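> Predicted coordinates and the sequence they were generated for:
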Amino acid sequence: MKKSDFYYDLPQELIAQSPIEPRDASRLLVTDRAAGGLSHNCFYELAGFLNKGDLLILNDSKVFPARLLADDAEILLLEQRSKDVWECIGRNLKKGRILEFGAGLSCEVIEKLDDGNRIVKFSYDGDFFTLLDEIGFTPLPPYITEKLDDSSRYNTIYANEAGSAAAPTAGLHFTERVFESLAEKGIETAYVTLHVGLGTFRPVKAEHVCEHKMHSERYLLPEETARKIRSCKARGNRVIAVGTTSCRTLEASRVAAGSGSTDIFITPGYDFKVTDGLITNFHLPESTLIMLVSAFLGRENTLGAYSEAVREGYRFFSFGDSMLIL
């Protein structure tokens, strides 16, 4: 497979620049893998397409203010290596340089990695994440050029575990109204944590997809979630991943409770072991994310669904509309 196999034309005006209000007013394109066909709906109607006893798996990772500025330098925190040591990307990060960010927070650039990323060690008084809330900035994807007035809109309403550099955006559509409608129908929910790094969104530069290397990301699958998945499978219901991050966690962990890291790269031909359904946004052309969707729905069906979404004026990417694949 070549990365060009996953290209599609997208008009610039369909790239969503701001979140819709309310969250669940976004559109929902529903497709059935077995029967085929597409239907156009609203996200608040989600429960109507699921069955009593189905189980939704949501990623509760939280985007934190991971962008820090210091004079002519800036860093974007990617992954915590130890208590005060982080991997990051940025500019003007020469090894040995000490950066002062304000509020008593500083760091030293202690290592340059082979991929160009840096390792920095922080010094501060107090709580690290409290300081980030005070002086840091929420990172947004480069295709979002408008200012986000409310940073909470780049987090799900159930975000709980700080650690992501980018949002698990399929969950941005959920509201209390949606959760209430799911509960009323007997549809269950459970949570995993996968801290989203920029590696998930890193462009595929290799011509042949198999040569692309995914960046590793940390995940946690609690025992309670593993138990719910096993029960759901035993009674013949469906496990539905909310987002590609939840899907990757399920497929990497194989429902073994615990924590770990994964660089799983899911492309067409992959045999899904856990995931029976997928809720996902519309992703960038030639990205690892559209490749994962193509693995689940089929490449031609995926590109067909995307073409339909373009024709119908759906909103794309992080703040865009969503798709349910069953």
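Yep, that arrived. Small disclaimer: the values here were computed from a predicted structure and weren't measured. Numbers count the residues shown, from 1 in each chain.
> list the contacts for E251?
Residues in contact with E251, defined by Cβ atoms under 8 Å, 6 or more residues apart in numbering, are 264, 266, 270, 272-275. C-beta here means a position set from N, CA and C on the backbone, and glycine is covered the same way.
> Oh, that last question was meant for S253, not what I typed.
For S253, the residues meeting the contact criterion (Cβ under 8 Å, 6+ apart) are 192, 219, 221, 260, 262.
> Show only the entries of these found in strands.
192, 219, 221, 260, 262 (DSSP state E).
> Please identify, among the residues you listed, the one with the most neighbours.
V192 (27 neighbours; other Cβ atoms under 10 Å).
> need the contact list for it.
Counting by Cβ under 8 Å, 6+ apart, the residues that V192 touches are 57-60, 219-222, 225, 246, 249-250, 253.
> What's opposite it in the beta bridge?
N59 (DSSP bridges).
> Just give me the closest of the contacts of S253 to A66.
Among these, Y219 lies closest to A66 (Cβ to Cβ), at 18.1 Å.
> S151 versus the closest one, what's the distance?
Distance check for Y219 against S151: by Cβ to Cβ, to the nearest Å, it reads 24 Å.
> what packs against the host helix or strand of F101?
Assigned by DSSP states H and E, F101 belongs to strand 98-102. Taking 3 or more Cβ pairs under 8 Å, 6 or more residues apart in numbering; DSSP states H and E as contact, the helices and strands that strand 98-102 lies on are strand 67-70, strand 105-112.
> These: which one's closest to I325?
strand 67-70 (32.9 Å).
> so who does the closest residue to E45 other than its chain neighbours touch?
Nearest residue to E45, sequence neighbours excluded (Cβ to Cβ, 6 or more residues apart in numbering): L28, at 6.7 Å. By Cβ under 8 Å, 6+ apart, L28 lies in contact with 40-43, 45-46, 173, 321-324.
> from those, which is closest to L105?
H173 (34.3 Å).
> And the helices in the protein, which stretches?
128-135, 176-184, 223-234, 244-253, 288-297, 299-311 (DSSP state H).
> Mean neighbour count, those: which tops it?
helix 244-253 (a mean of 26; mean count of other Cβ atoms under 10 Å).
> in this structure, which ranges drop under the pLDDT threshold?
Residues of the chain meeting the criterion pLDDT under 70: 198-201.
> Bridge partners for V85, pull those for me.
Applying DSSP bridges, one finds that V85 bridges with S82, K121.
> what's around it, how many residues?
A count of nearby residues for V85, using other Cβ under 10 Å, gives 15.
> Please name the residues that touch it.
Contact analysis of V85 by Cβ under 8 Å, 6+ apart lists 110, 119-122.
> ditto for A252
Taking Cβ under 8 Å, 6+ apart as the test, what A252 contacts is 219, 260, 262, 264.
> can I get the residues you listed in a markdown table with distance to R315?
Converted to a markdown table, the contacts of A252 look like this (distance: Cβ to Cβ, whole Å):
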| residue | distance to R315 |
| --- | --- |
| Y219 | 28 |
| G260 | 34 |
| T262 | 29 |
| I264 | 28 |
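> Tell me which of the helices of the chain lies nearest to A66.
helix 128-135 (7.3 Å).
> List the contacts of the closest one.
Contacts of helix 128-135 (Cβ under 8 Å, 6+ apart): 64-66, 68, 84, 101-105, 122, 124, 162.
> filter these to the buried ones?
The neighbour count (16 or more other Cβ atoms under 10 Å) marks 64-66, 68, 101, 105, 122, 124, 162 as buried among these.
> between the residues you listed, which is closest to H283?
The closest of those, once distances to H283 are taken by Cβ to Cβ, is A66, at 21.4 Å.
> how many neighbours does the closest residue to the closest one other than its chain neighbours have?
What sits nearest to A66 in space, not counting adjacent residues and going by Cβ to Cβ, 6+ apart, is L77, at 4.1 Å. A count of nearby residues for L77, using other Cβ under 10 Å, gives 24.
> In contact with L77, which residues?
Counting by Cβ under 8 Å, 6+ apart, the residues that L77 touches are 64, 66-68, 86-88, 165.
> what would these look like in a markdown table with distance to F6?
Shown next, in a markdown table, are these (distance: Cβ to Cβ, whole Å):
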| residue | distance to F6 |
| --- | --- |
| F64 | 31 |
| A66 | 28 |
| R67 | 29 |
| L68 | 34 |
| W86 | 32 |
| E87 | 28 |
| C88 | 29 |
| A165 | 23 |
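> from these, which single one is nearest F179?
The closest of the contacts of L77, once distances to F179 are taken by Cβ to Cβ, is F64, at 23.6 Å.
> any idea how far the closest one is from F137?
10 Å.
> try K273
From K273 to F137 the distance is 39 Å (Cβ to Cβ).
> Check L55 too.
In terms of Cβ to Cβ, L55 sits 36 Å off from F137.
> again with R230
Per Cβ to Cβ, R230 is found 41 Å from F137.
> again, but for D5
D5 is 36 Å from F137, by Cβ to Cβ.
> What sits closest to M1 if chain neighbours are left out?
V209 (4.5 Å).
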